[in-house]
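A.B. asks: Coordinates only, no sequence provided:
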């Protein structure tokens, strides 16, 4: 089987709309041969390039036509390819927990890798380096999202009511994971106050 046939065979097994990177096929041939095959498949319309080195088998919807994969899914695939850990930025995390109505104009993620901008389709996405492992705890999971929101809101804005609203957005297990996370003293103190308020409530 040629490099092209081997790649096509593997691609057919990938679900439509699921992003993947060119590095997935490097064991089948040289980078040049892999890139050439993928470029040809893009030209034929069998594949769609959604970001540099990231592709997807087009997924069609009768309502909107071509369906782009979720931006966060593409970012995760890129991060995994580079051996990075990524976390949703606090502004977006706070919005998802309905703690803020501000909609970030550019999607931003914290990363253990270098700060840079990537283009996904027509969208610019910013990856911001953070050296803080505490900010990357439980990356990609809801307790990590909650931590990101709390860091973003900061000491001045986080209170028992904020913790209560985050608790409402998590399962019991997720909230316990959040409580056992490494966090600064001010954050731990708010959780202690929250537990005290429940005990008295």
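C.D. replies: That came in fine, so what should we check first? Quantities reported herein were computed from a predicted structural model and do not represent experimental measurements.
A.B. asks: which helix in this protein runs the most residues?
C.D. replies: helix 185-200 (DSSP state H).
A.B. asks: Other residues contacting that helix?
C.D. replies: For helix 185-200, contacts defined as C-beta atoms under 8 Å, 6 or more residues apart in numbering pick out 150, 155, 158-160, 162-164, 167, 179, 183. C-beta: built from backbone N, CA, C; applies to glycine.
A.B. asks: Of these, select the buried ones using a ChimeraX command.
C.D. replies: Those of the contacts of helix 185-200 that count as buried under 16 or more other C-beta atoms under 10 Å are selected in ChimeraX with:
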select :150,158,160,162,163,167,179,183
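A.B. asks: Pull the most distant pair out of the contacts of helix 185-200.
C.D. replies: The span of the contacts of helix 185-200, defined through C-beta to C-beta, is set by 155 and 167 at 19.1 Å.
A.B. asks: Just checking: what are the partner strands of the lowest-mean-pLDDT helix or strand in the chain?
C.D. replies: Lowest by mean pLDDT, DSSP states H and E among the helices and strands of the chain is strand 65-67, with a mean of 74. Sheet partners assigned to strand 65-67 using DSSP bridges are listed as strand 59-61 (antiparallel).
A.B. asks: any idea of the mean pLDDT in the partner strand?
C.D. replies: Strand 59-61 shows a mean pLDDT of 77.
A.B. asks: Give me the domain ranges for the protein.
C.D. replies: 3-65, 71-200 (automatic domain parsing).
A.B. asks: Single out the most deeply packed of these.
C.D. replies: Among the domains of the chain, domain 71-200 has the highest mean neighbour count (mean count of other C-beta atoms under 10 Å), at a mean of 16.
A.B. asks: Please go through this structure and pick out the longest strand.
C.D. replies: Across the chain, the longest stretch assigned as strand under DSSP state E is strand 123-129.
A.B. asks: Report all helices and strands that the next helix or strand after that one contacts.
C.D. replies: Next along the chain after strand 123-129, taking DSSP states H and E as the criterion, comes helix 142-153. Packed against helix 142-153, as judged by 3 or more C-beta pairs under 8 Å, 6 or more residues apart in numbering; DSSP states H and E, are the following elements: strand 86-88, helix 90-96, helix 160-168, helix 172-179.
A.B. asks: gap between the closest residue to residue 103 other than its chain neighbours and residue 38?
C.D. replies: Ranked by C-beta to C-beta, 6 or more residues apart in numbering and with sequence neighbours excluded, the top spatial neighbour of residue 103 is residue 95, at 6.6 Å. Distance, residue 95 to residue 38, using C-beta to C-beta, to the nearest Å: 35 Å.
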